[in-house]
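K.L.:
Coordinates for the following, if possible.
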Amino acid sequence: MCNRFNRVLHTTFGDLHTVFLSESATFDYQIITMEIKKIKLGNQGLTVPQIGLGCMGMTGFQEGNMYGKADEQEAIATIHRSLELGGNFLDTADLYGPFKNEQLIAKAIDGQRDQYIIASKFGWEIDENDNVTWAINGKKEYVKKAVERSLKHLNTDYIDLYYMHRLDKYTPIEETVEAMGELVKEGKIGYIGLSEVSSETVRRAHAVHPVTAVQSEYSLFERTVEERGVLQTLSELGIGFVAYSPLGRGFLSGEIRSIDDLPEDDFRRAIPRFQKEYFYKNIELVKAIEALAKEKSVTSSQLALAWIISKGILPIPGTKRRKYVEQNIAASTIELSEADLARLDNIVPLGTDTGKPYDEFSMGLID
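P.N.:
Numbering: from 1, shown residues only. Next up, the predicted model:
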């Protein structure tokens, strides 16, 4: 592995950091001294903090917003605050914007590239005019094109972890992963990842080139990868698992009590989980989770993150505000007892139907 991929591993994760937690609507936080634990993501050599930072919501998409209005100054400050607390694992994608998110990260990490671990993704086809075609492209030539664009927008000469964002069902996975493996040899990426794929696809890909991580939606509200045996496959192969939307796209924060709490142009309004058939049933589940969180003097978000971390899974909660990144990182210090875990499983048992996480079109793109 090139030295530049190893330099970033020797950062200050092991140092003690003081976290100044903001006052939330429910809890008054005291100053906490904590140490962010490092974990191995997969068995190919990548070491990361046990909680990452999802950056998608820091920029809008085309002319719209993602999870509310974006604020570039606060977003950059959030990335910097995360680094101060030992949280240097950033997750982005060329789709976000498109390209705006990678460009924002480039501004945030300028002059400090070696202190961050950057994960980005490709696969949603973006044409020469920077328009998303809504096709998935995993052809070898597109992989090469996509990585060069991301390197340019991130203003770097390497990406630590590079994911295939969705499976191109018309291109053999072997072709896509072979092209990604060539990028590793060229030093343009450090490790290979896949997103929202089946066990069969993982095995086929891993036979071509070692896969370091698989990323899928996973939370108390979304455990499909567990039901389908994907987590077991990853464990067998020594591949890490990264959980995006670990707070159920904000549902588990407890801050959404009515559909009207979402802006009119919020994309979540199109997701079945947030529509009338499921919305109020899910609110009742959130209230039960909040009750346990209150007993432990933490927020429901922190409890949901601690539950994921207790399973040896790396969550990447998304935020664009410093106060939330502080709370999220503090969640990595919460210890849950077997009784706590059992209570959470009783509240939301495996197999609970909380509504599909995407609209019909997007569901069709999951392997």
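K.L.:
Flag every buried residue along the lengthiest helix in the chain.
P.N.:
Counting by DSSP state H, the longest helix found in the chain is helix 276-295. Neighbour counts over helix 276-295 (16 or more other Cβ atoms under 10 Å) mark Y278, F279, N282, L285, V286, I289, E290, L292, A293 as buried. In short, each C-beta sits where N, CA and C put it, glycine included.
K.L.:
And the first one, what's its pLDDT?
P.N.:
If you check Y278, the pLDDT there is 92.
K.L.:
In contact with it, which residues are there?
P.N.:
Y278 is in contact with P272, D353, T354, G355, counting by Cβ atoms under 8 Å, 6 or more residues apart in numbering.
K.L.:
Grab the nearest non-local neighbour of the third one.
P.N.:
Just to be clear, that refers to T354. F221 (4.5 Å; Cβ to Cβ, 6 or more residues apart in numbering).
K.L.:
Let me know the pLDDT of that neighbour.
P.N.:
With respect to pLDDT, F221 scores 96.
K.L.:
again with A70
P.N.:
As predicted, A70 sits at a pLDDT of 85.
K.L.:
avg pLDDT for the helix or strand hosting Y142?
P.N.:
Element membership for Y142 (DSSP states H and E) is helix 140-154. For helix 140-154, mean pLDDT rounds to 98.
K.L.:
could I have the helix or strand following it exported to CSV, CA atoms only?
P.N.:
On the C-terminal side of helix 140-154, the closest following helix or strand by DSSP H and E is strand 159-164. Provided in CSV are the C-alpha atoms of strand 159-164 (Å, rounded to 0.1, in the frame of the first residue of the first chain):
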residue,chain,number,x,y,z
ILE,A,159,-9.6,8.5,-2.4
ASP,A,160,-9.2,6.2,0.6
LEU,A,161,-12.4,4.2,0.1
TYR,A,162,-14.2,4.1,-3.2
TYR,A,163,-17.7,2.6,-3.4
MET,A,164,-19.8,1.4,-6.3
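K.L.:
avg pLDDT for strand 159-164?
P.N.:
Average pLDDT, strand 159-164: 98.
K.L.:
And the contacts of that strand?
P.N.:
With contacts defined as Cβ under 8 Å, 6+ apart, strand 159-164 is touched by 5, 8, 41, 46, 93, 117-123, 138, 147, 150-151, 176-177, 180, 183, 188-195, 197, 212-213, 215.
K.L.:
angle of that strand against helix 140-154?
P.N.:
140 degrees (axes from the mean of the first three to the mean of the last three Cα atoms, to 10 degrees).
K.L.:
contacting residues for D168?
P.N.:
Residues near D168 by Cβ under 8 Å, 6+ apart: G123, I136, N137, G138, K139, T176.
K.L.:
how about a cut-off of 7 Å?
P.N.:
Contacts here follow Cβ atoms under 7 Å, 6 or more residues apart in numbering; on that basis D168 touches G123, I136, N137, G138, T176.
K.L.:
cool, and G57?
P.N.:
When contacts are counted by Cβ under 7 Å, 6+ apart, G57 touches M66, Y67, G318, K320.
K.L.:
Find the nearest non-adjacent residue to it, please.
P.N.:
Setting aside the residues directly before and after it, G57 is nearest to Y67 in space (Cβ to Cβ, 6+ apart), at 4.0 Å.
K.L.:
any idea how far that neighbour lies from G181?
P.N.:
Y67 sits 34 Å away from G181, taking Cβ to Cβ, to the nearest Å as the criterion.
K.L.:
And these two? Which one has more around it.
P.N.:
Taking other Cβ atoms under 10 Å, Y67 and G181 do not tie; Y67 has more neighbours (19 against 16).
K.L.:
Specify the local secondary structure of that one.
P.N.:
Classification of Y67 using DSSP: H, G, I helix; E, B strand; the rest coil returns coil.
K.L.:
how about it, phi and psi?
P.N.:
Main-chain dihedrals, Y67, degrees, to the nearest 10: phi 60, psi 40.
K.L.:
How many residues are close by K40?
P.N.:
13.
K.L.:
Show me what it is bridged to.
P.N.:
Beta-bridge partners recorded for K40 (DSSP bridges): T47.
K.L.:
can you tell me how far it sits from S310?
P.N.:
Using Cβ to Cβ, K40 is found at 17 Å from S310.
K.L.:
before we move on, what about E125?
P.N.:
Applying Cβ to Cβ to E125 and S310 gives a distance of 38 Å.
K.L.:
D261 too?
P.N.:
29 Å.
K.L.:
Please say which of the two ends up with more neighbours.
P.N.:
S310 (16 against 11).
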